[in-house]
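Asker: this one's sequence-less:
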């Protein structure tokens, strides 16, 4: 205490001779203590050992100031000092979720008690821990396949990973060898742009849908159309096959999605509810079995048994043109011109936003490694780390020579089944194949992760 | 403190309860003879001035038709103010359920996101967090089976509708159900406590056509209630941004259906003319340059040639002149030779000699003039030439105005004025030309320029009384100016000089050849043009 008195007197004497702004005694004491501490005692590297009596009043003030920004981490520290670097588990989330509804005052009291007993945890307060994104190798272009005479609108890869199929604006469907990129077969039959293709895993069928309202089933043993699924009232924009049931789901500009029995061509369910074009549809084996994204900026999760909407997600502001289901996790990503959003299943709880790709996102694809690719209407590709939402790479491939610069846009992207090649269908009538750059390391391409902390810490 | 004391009395009593109440009342009436709290309406016939006002007045009956007053026994029949306000609901924790509005038409376990917390990003979870894991295989398989069955049923229904008639479906075997009714007593079910019911599916006639018409189009039912919107409203558009998206109206170069009149710059704007820079081939410039150079070279060549020719002509002329001079000299010498002998003797005197010289010069001049007038009568002297010139020619030649004197010249109208001050402007009349007071060159040639017809062959022009015209003295001044020089009078309205183009000859020939082709292109018309030209003074 003597030190303080001395310092105080010095300070006050000094202030008499100069006309400085007046502070309260409390402020002066606080600041002088702090300066003294910084000058003589502080070793910023190591945590300071405390004198409880001296710092008890400090703690009160400090805790209150610190509270709004670091409530969560403090609580974590309180529970376990050696908390894992990844964020707290479900319990904390629930506590946080309910936290705002309680008044802040009890928090400070609880903290104060905690502080009184475990001062070290408070002083050794770390910065709020953000999850570190996983490092992914950057992807580079390694092959450009040209041959189509119109925009390439859709891609599907065969289950055996030997070839892939593309549908284009020149009304043809072309089958290309995956390893060499050579054309194997061209199928004609559609009258208008082929918007969606899918290869069945359970039978040797290829399904295609087009802007001419036709949905065709091609038998790949004979390379002929064997079935038509009639019923859509307008252009069919996308289709997907159910992984376990022999059922095909198509979505169309008439604001419906239709569920077809493959063998009997019957329209089992008509999933209506959207008010604008349904741009994309995905099927999965677990609930919800059908997910659709529409131009009315909503995503609907459907119950296939009843043919009714299970949940409607209205978070997007602009049309949702792309959906991607994570292969291993029970999560979904949806892409729209404002944001890419991640959701959990089965209820569609919102996880986070991936913002930064400020363009109309036409296509998305996810890797098992957690690489999310979003391809946009202006030709840019952004690659994200799925878990944290870190955009680790942006690619804008040059257009094919002979094309205008404005003819760059991505309509579909897909990983092959080995997840080592990314195939994109582009507006300059080419198919571009990307692979990971093997020579890149974590040092050569460091992670430059600057998350917005405030966004997370706020409830 | 039994529960019944807290709860309000039941409004409707079941039969058992009624009987028990009757019994209780009977017992009470036996025990106490106090006034019963239940008010009975007066019996029929005694209700003359009685009006039921409260619910209890009705007893356990209904309204009284003979009492002409609006009655609402048990509050039945009142016009309820219908409002679609939802009753406030409270959830298990005691918090008000604000999303009851959003959940109005839906089942209570439908997933609806309506809270602010649903909008916020959650913590990033580890990959092996439990809520991110897919459901295990058995659950998925079970779901698949269930789905498949449901879908197959749907499909078969749809197909069966299209399939032709087959044999009657086998109905499921009869089901037996044991049923325990709630109303039990001796009267019901003849004393038995339970019943057994045999349930059989009704037989469907395989040949029966569909019972209901399904070709009628009816309007779609209302959609499911809209989901709450989980994003902030879209930002308001600023004026600047709205201006950016303005599309100018289309101005076609071909069609104009409404017949609008569009200014030319807008029409061209649609063409895109202002946008492109005009590229002129540089060969045009090269061509122009080449032409210019060629022109210059040609001119130089021509000039050189002309100069050479002039030199040649000059040399010729000089030669000729030399010859003439020699001849003249010879002649003079001969003449002088004759006279010279006589002249040499006298005239030693200086003055006499000077006088002689002057006389000699004068004589020479007179001879010269005589020679010229003999040799070239048309070649007039300078003075004569100037007198005959038109005023515009004199100005062009730069001949000085004979009137120009060094002293200041005043407008003669200023002098000797007797009119007043406001007489000068002449009322703003701008038809008259009164800048100058005197004509430009007042000379003696005015009188000369006037044409006086002579005895020429202009009969067709002037008629027969040419003589009278000639004799008229209108145009002759009464008193001539001193020093006027009667120059060569005009022979015709136009004084022709030499005929450079040989047109006269040509016209003479044309006249001789009958003049059938162009009779009118004779001298007459040519006269007219010239006349017009020369008349401009």
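Answerer: Cool, the structure landed. Because the structure is a prediction, the values reported are computed rather than measured.
Asker: wouldn't residue A:221 be in contact with residue A:205 here?
Answerer: No - Residue A:221 is beyond contact range of residue A:205, at 9.5 Å (criterion: Cβ atoms under 8 Å). Just so you know, the C-beta spots here come from the backbone N, C-alpha and C atoms, and that holds for glycine as well.
Asker: Those two: which has the busier surroundings?
Answerer: Higher neighbour count among residue A:221 and residue A:205: residue A:205, with 20 against 9, using other Cβ atoms under 10 Å in any protein chain shown.
Asker: Surely the more buried one and residue A:218 touch.
Answerer: Yes - Residue A:205 is in contact with residue A:218 according to Cβ under 8 Å; the separation is 6.6 Å.
Asker: Next, show the common contact partners of the two.
Answerer: Counting by Cβ atoms under 8 Å, 6 or more residues apart in numbering or on different chains, the shared contacts of residue A:205 and residue A:218 are residue A:226.
Asker: Not including adjacent chain positions, what is the nearest residue to whatever residue of the stretch 151-300 of chain B ends up closest to chain A?
Answerer: Closest residue of the stretch 151-300 of chain B to chain A, Cβ to the nearest Cβ: residue B:227 (3.8 Å). Nearest residue to residue B:227, sequence neighbours excluded (Cβ to Cβ, 6 or more residues apart in numbering or on different chains): residue A:312, at 3.8 Å.
Asker: Check the secondary structure at the one you found for me.
Answerer: Assigned with DSSP: H, G, I helix; E, B strand; the rest coil, residue A:312 falls in the strand class.
Asker: same check, this time on residue A:227
Answerer: Put simply, residue A:227 is strand when judged by three-state DSSP.
Asker: how much space between it and residue A:158?
Answerer: Here residue A:227 is placed at a distance of 19 Å from residue A:158 (Cβ to Cβ, to the nearest Å).
Asker: now do residue A:171
Answerer: Between residue A:171 and residue A:158 the distance is 22 Å, computed by Cβ to Cβ.
Asker: Wondering if whatever helix or strand residue A:238 lives in reaches chain B at all.
Answerer: Using DSSP states H and E, residue A:238 sits within strand A:236-241. No - residues of strand A:236-241 are not located near chain B by Cβ under 8 Å from any Cβ of the partner chain, the shortest gap being 13.8 Å.
Asker: any idea of the mean pLDDT for that strand?
Answerer: On average, the pLDDT along strand A:236-241 is 97.
Asker: Work out the sheet partners of it and label each with its direction, please.
Answerer: Paired with strand A:236-241 in the same sheet, following DSSP bridges, are strand A:247-252 (antiparallel).
Asker: Just after the strand it pairs with, pick out the following helix or strand.
Answerer: With elements assigned by DSSP H and E, the helix or strand that comes after strand A:247-252 is strand A:256-261.
Asker: Quick check: bridge partners of the residue nearest to residue A:389 when sequence neighbours are not counted?
Answerer: Among residues not flanking residue A:389 along the chain, residue A:354 sits closest, at 4.3 Å (Cβ to Cβ, 6+ apart). Going by DSSP bridges, residue A:354 is paired in beta bridges with residue A:340.
Asker: ok, now how distant is residue A:224 from residue A:277?
Answerer: 30 Å.
Asker: actually residue A:189, sorry about that
Answerer: Residue A:189 sits 24 Å away from residue A:277 when distances are taken as Cβ to Cβ.
Asker: low-scoring stretches of chain A, by residue?
Answerer: A:1-18, A:42-129, A:452-459 (pLDDT under 70).
Asker: Now do the helices in it.
Answerer: For chain A, helices defined by DSSP state H occupy the ranges A:2-17, A:25-36, A:52-79, A:90-99, A:104-117, A:119-123, A:453-457.
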